[in-house]
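# would you be able to build a 3D model of this:
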Amino acid sequence: MNRNRMVIGLTVAILIGLLASIYVYKTFQRATYVKPQVTQTIVVAAMPLQVGTPLDEHNLRTISWPGDEPLAGSFLRESDCIGRAVITPMAENEPVLEANLAPRAAGAGLPATIPEGMRAVSVAVNDVVGVAGFVIPGTMVDVLVTGELPGKHEGVDNNITRTILENVRVLTAGQQIEQNREGKPEKVPVVTLLVSPDDANKLTMASTEGKIQLALRNTIDTKTASPPAVLQAVLFSETGTAAPAREHTARVVRPGPPPPYVVEVITGSKKEMKSFENQ
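Here you go, the predicted structure:
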């Protein structure tokens with residue numbers, strides 16, 4: 001009887017040990033199992049790319065990217081973006097996104113960087129107009145023009161300066177469409193500005209008929225100041241205010257004397273016309 005109990009107890013112990021071993025094995029198996037990660041390929045820049053660079057098989061390559069974390073606007077194949085131009089500077093291995101590229105029909109170079117409905121207008125500059133060379137691609141400027149008021153007024157200075165454009169982006173400085181990474185000034189004879197068609201007319205008229213000056217502004221300062229125009233007569237007056245208008249003496253035209261009265265006088269058979277002063 002005791003022997004049977006021992007056999008039963010041993011059997012139960014073996015079963016419990018076996019179940020425990022299976023549980024531990026399954027637990028370790030689950031802990032060491034790594035679910036294989038699903039990946040996909042995306043297109044990246046194979047080298048640093050400047051604004052206006054057309055994409056081809058030499059400056060593109062693909063890398064693996066987690067499939068469960070898709071990158072919005074990215075490309076899976078190089079052929080999907082070959083032939084399009086870059087409109088923002090790109091670093092090596094930076095993913096190529098739709099927002100980085102110009103439309104396929106826009107071409108390459110500077111034209112590809114001009115948004116629809118906008119125009120690029122170039123104006124001649126010197127060290128003074130170009131703010132000592134610090135007007136470089138990507139900076140924001142205001143455009144001031146100095147010229148003469150229409151019409152001539154005797155003894156009055158007609159020169160006037162006013163701000164015609166505010167918060168205008170510089171597209172190029174000379175032939176450069178990239179900023180100087182060192183932030184050093186550069187002497188360039190021409191600056192190209194990004195403006196609307198209406199502002200292109202204003203800028204062309206100002207640079208042709210007057211003298212323009214660029215005012216450099218902080219790129220994050222987008223407020224419109226609308227400063228009042230300045231007249232030369234006011235700026236260089238002793239009081240800094242407009243000179244009073246000259247008084248003109250009116251010419252007084254005096255009326256002539258009234259015509260005399262004419263009276264017919266009859267004396268007997270004699271008739272006579274006599275004049276009397278009209279007072």
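# show me the shaky parts of the stretch 101-250 of the chain.
127-132, 151-157, 175-188, 238-250 (pLDDT under 70).
# where along it do the strands fall?
119-124, 140-148, 159-173, 190-195, 211-217, 230-231 (DSSP state E, counting those that start in this stretch).
# out of these, nearest to Leu203?
Minimum separation from Leu203 across these (C-beta to C-beta) falls at strand 119-124, 5.2 Å. Glycine gets a C-beta too; all of them are placed from N, C-alpha and C.
# neighbours of Arg169, how many?
15 (other C-beta atoms under 10 Å).
# please identify which of the strands of the stretch 101-250 of the chain is closest to Pro66.
Here strand 159-173 is closest among those (C-beta to C-beta), at 36.5 Å.
# helices or strands up against the closest one?
Judged by 3 or more C-beta pairs under 8 Å, 6 or more residues apart in numbering; DSSP states H and E, strand 159-173 is in contact with strand 119-124, strand 140-148, strand 190-195, helix 197-209, strand 230-231.
# can I get the CA coordinates of that strand in PDB?
Output in PDB follows, covering the C-alpha atoms of strand 159-173 (Å, rounded to 0.1, in the frame of the first residue of the first chain):
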ATOM      1  CA  ASN A 159      12.700 115.100 -54.400                       C
ATOM      2  CA  ILE A 160      10.800 112.500 -52.400                       C
ATOM      3  CA  THR A 161      11.700 109.100 -51.000                       C
ATOM      4  CA  ARG A 162       9.200 106.400 -50.300                       C
ATOM      5  CA  THR A 163       9.100 102.600 -49.600                       C
ATOM      6  CA  ILE A 164       7.400 100.900 -52.500                       C
ATOM      7  CA  LEU A 165       8.000  97.200 -51.600                       C
ATOM      8  CA  GLU A 166       8.300  95.400 -48.200                       C
ATOM      9  CA  ASN A 167       9.400  92.000 -47.200                       C
ATOM     10  CA  VAL A 168      10.800  90.900 -50.600                       C
ATOM     11  CA  ARG A 169      12.900  87.800 -50.900                       C
ATOM     12  CA  VAL A 170      16.300  87.900 -52.600                       C
ATOM     13  CA  LEU A 171      16.500  85.000 -55.100                       C
ATOM     14  CA  THR A 172      20.100  85.600 -56.300                       C
ATOM     15  CA  ALA A 173      23.000  87.800 -55.800                       C
END
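# and the angle for that strand with helix 197-209?
120 degrees (axes from the mean of the first three to the mean of the last three C-alpha atoms, to 10 degrees).
# relative orientation of strand 159-173 and strand 211-217 in degrees?
Using the same axes, to 10 degrees: strand 159-173 against strand 211-217 is 60 degrees.
# buried stuff in strand 159-173?
Residues of strand 159-173 classed as buried: 159-161, 163-166, 168, 170-173 (neighbour count, 16 or more other C-beta atoms under 10 Å).
# stretch 196-206 now?
Buried, per 16+ other C-beta under 10 Å, within stretch 196-206: 199-200, 202-203, 206.
# turn the strands of the stretch 101-250 of the chain into CSV, columns for distance to Phe134.
Converted to CSV, the strands of the stretch 101-250 of the chain look like this (distance: least, C-beta to C-beta, whole Å):
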stretch, distance to Phe134
strand 119-124, 16
strand 140-148, 10
strand 159-173, 10
strand 190-195, 11
strand 211-217, 6
strand 230-231, 24
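# is it possible to export the buried residues of strand 159-173 to JSON lines including distance to Val145?
Output for the buried residues of strand 159-173, formatted as JSON lines (distance: C-beta to C-beta, whole Å):
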{"residue": "Asn159", "distance to Val145": "11"}
{"residue": "Ile160", "distance to Val145": "9"}
{"residue": "Thr161", "distance to Val145": "7"}
{"residue": "Thr163", "distance to Val145": "8"}
{"residue": "Ile164", "distance to Val145": "5"}
{"residue": "Leu165", "distance to Val145": "9"}
{"residue": "Glu166", "distance to Val145": "13"}
{"residue": "Val168", "distance to Val145": "13"}
{"residue": "Val170", "distance to Val145": "17"}
{"residue": "Leu171", "distance to Val145": "20"}
{"residue": "Thr172", "distance to Val145": "21"}
{"residue": "Ala173", "distance to Val145": "20"}
